[in-house]
Every structure is written in structure tokens, then in C-alpha cells.
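Participant: Sequence plus predicted model, see below.
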Amino acid sequence: MIFVELKILDNPITTDNTTDQLLLNNKGSTIYQTSAFAESLKRNGFSTPKYLYVLDDGEVAALLVVLVDKQSAMKSFFQKMQWFHGPVVLAEGGKVDECYSLLFDGLDHLSATENIFTISDSIPPYFSTGGAAAFDKRFSEHGFSLEPSATFAIDLTQEQGQIFSRMDKSCRKNIRDCETKGIELKRADSEDEVTQYNSLLKEFREKNRLPLPPVYPSLGIWKDLHGTHLDIFIATKGNEVISGMGTFKFNGIIFEAAVARSDYEMENKIYPQDLIKWGIITNGKAENARIYDLAGVSPNPTTDKEKGIYRFKEKWGGNLIKFNKYSKTYSDTKKKIFDMIKSLRNVMK
């Protein structure tokens, strides 16, 4: 008898083929739905993953890796969950609707059992066939609010010269300037270099009054994933790391993460971040990657900061991809208290 069922697990499922290998059957699958990524986050204290699997006669037909955020006393009371680039539905035909129905049931069940008050800013797999819009109707019908977002993505299947020619002239100039001024680019290959990058990242975020990103290439995550799923590119002057950026990668799709900049580069008006981006592109092509995602912009920038980020990422000549982030509130009371506390914290900064 063939039947479809949902399983919610604390650990990745064991099948004849690993779920990460199954993800490679879907061209839109990314690092963020792999068990390797989720388990590294758990080991390194970033979040607690929950695995939702829809099984069709014992085989994985759909999956969604959800990250439960409960790292502090406050977060244990105001528990949120989130996911990136999911769900991944491997089923076809009439089973697709059933898969989504079971996944939505699973999310509602998790919200009750894990004391979740909201699902926040979750991102669909917008590189999948049909794009992000294919997911909007399903989520809005299940009570999710939709917030417009966007990203720029560079098609790495183009010839390298074509990518270079589509870049803004300022990018090309900045790359040449770095090279003539003795700035060197490399992938971090030692714990010392990763530690230098992390120190620079924390210093840069503190100076700009920003918290650390929810996920960034910490030393522990680098130890788990470097080489196969994670690279940290650093620009150096002499033996000093003056700029850096992490990249997560899987299935031919690269995501940049956690820009770190130094006073040195800003005081000397050099732009090693452009050199780093070009290094990511050339290394990505050497590894036969298909897509380089520049990790998010506002689709309708209004503030000077949003406009600056948009211009910086637009100048690389990538394609603008629009999508919606999904959120759902399970407790209006907790949501109001949480928003009030967050507002007070912002005022006190």
C-alpha cells in the first residue's frame, strides 16, 4: 500500500540516499536546506533545527528544515522559527498538493509543541522551477503575510569576459587599484586567518551598531563546512586581514555572507570588497558553479543605506530577482510585547 505521511524529527532522516544527495535532484536546492548546514548550526549554538519530511511509501517526497531560535532567556520565551530556501518538494503530479498540506500541518504542530509565537522572514526557494511566485499563493492561503524582497544574482554560466564586461567600470577600476597597491586575495585556509576575519567582522558590526548576522562563518562552522560548503575570502595587506567575506555553497549556487571591512580600507579609499567579489566569481567558475547570489537588497529602497546597498550590488551586472518573505504570527500578544521590547532597544542604542 502506497501512502503519504509526515514526520517531524530532531535529526536528519536516514535513507538509502542521504537527503543532501536527494536535494541535488532539484536545481533550486541550496545549502540552507541541507542537513550538513543545519547540524553545524546546532553544534555551534546558532539555532536548533527541526526536520519536516513528507514520505511517500517511505521515500522522501518533500522536506523543510526549520530553525528554532532559542539561544537566550528572552528567546526561550519569545521563540521564533525561520527557514531559508524551502520547502523543497521532490514529488510530482497530484502528490504536490498533499505534500504542502502536510508541511503546513507540521508547521502548525511545531508552533504549538515548541511554544513558537511567530514564523519570521522565511524565504522560498526562488531558484526553483517557476520561481518564487509559485509559492506565494500557497503560503498566503495558509495565513502567512508576504513582504517584498529581492536579490541580485550573477549567472556564472556566462563566459568570464562577459561577466567582466557587464560590471560597472568602477568595479573594474577598484580591482585594478587593489592589485597595484599590493592587496592580495586568498581563501582562508588556517584557523588563524578565520579568527582574524571573525575579529574584523565583529569590530566592523560593532562600529556600525549592528548585531552579528543570524548566521555567519564562525570558526566552528568553518571547521565543519570549509572546502565543500563554505569559503572565507580575505584581502590582506602584508600579513594583516583588511577585508573579508564568507560564502556558503551547494548545488552550484553560491551565497555571500557577512561582509567584514577595516578602517584601513576606508581611510585609504581602497575597495577590496570588489576584489573579493571578483575572486568569488572566478573561483565559482573554476568550480563549475551556476549562480552567485549577492544576498539581498530592498526591492524599493528608500533610505540612504538601502539605496547604497542596492547601487553596490546592482553594479555587478547581475539579474534582479524579486520574491516575498513569509511570516506568520501565532500569538498576537507575544508579538506586541516582542515588538515593543525591540523598539525600546533600538531607541536605547
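Facilitator: Cool, the structure landed.
Participant: can we go C-alpha only for contacts and neighbour counts from here?
Facilitator: Will do.
Participant: so where's the stretch 51-200 of the chain shaky on pLDDT?
Facilitator: Scanning the stretch 51-200 of the chain for pLDDT under 70 picks out 70-78.
Participant: Recalculate using a threshold of 50.
Facilitator: Within the stretch 51-200 of the chain, the stretches with pLDDT under 50 are 72-73.
Participant: hey, where'd the helices end up in it?
Facilitator: Under the criterion DSSP state H, counting those that start in this stretch, the stretch 51-200 of the chain contains helices at 73-77, 95-113, 133-141, 160-166, 169-180, 191-207.
Participant: Those: which one's closest to residue 219?
Facilitator: The closest of those to residue 219 is helix 191-207. By Cα to Cα, the value is 6.2 Å.
Participant: Now do the next helix or strand after the closest one: distance to the chain's middle.
Facilitator: The first helix or strand that comes after helix 191-207 along the chain, using DSSP states H and E, is helix 219-225. Here helix 219-225 is found 16 Å from its chain centre; the criterion is Cα atoms, centre = their mean, to the nearest Å.
Participant: hmm, who's touching helix 219-225?
Facilitator: The contact list for helix 219-225 (Cα atoms under 8 Å, 6 or more residues apart in numbering) reads 36-37, 40-41, 44, 191, 194-195, 198, 230-231.
Participant: Residue 329: which of the residues you listed is nearest?
Facilitator: residue 41 (24.3 Å).
Participant: Excluding sequence neighbours, find me the nearest residue to that closest one.
Facilitator: Computed as Cα to Cα, 6 or more residues apart in numbering, the closest residue to residue 41 that is not its neighbour in sequence is residue 47, at 5.9 Å.
Participant: hmm, back to that, just so I know, which of the helices of the stretch 51-200 of the chain lies nearest residue 251?
Facilitator: Using Cα to Cα, the nearest of these to residue 251 is helix 160-166, at 19.9 Å.
Participant: Now that closest one: buried residues?
Facilitator: For helix 160-166, the neighbour count (16 or more other Cα atoms under 10 Å) marks 163-164 as buried.
Participant: for it, packing partners?
Facilitator: With contacts taken as 3 or more Cα pairs under 8 Å, 6 or more residues apart in numbering; DSSP states H and E, helix 160-166 sits against no other helix or strand.
Participant: which other residues reach it?
Facilitator: Contacts of helix 160-166 (Cα under 8 Å, 6+ apart): 156, 172, 282, 285, 316-317.
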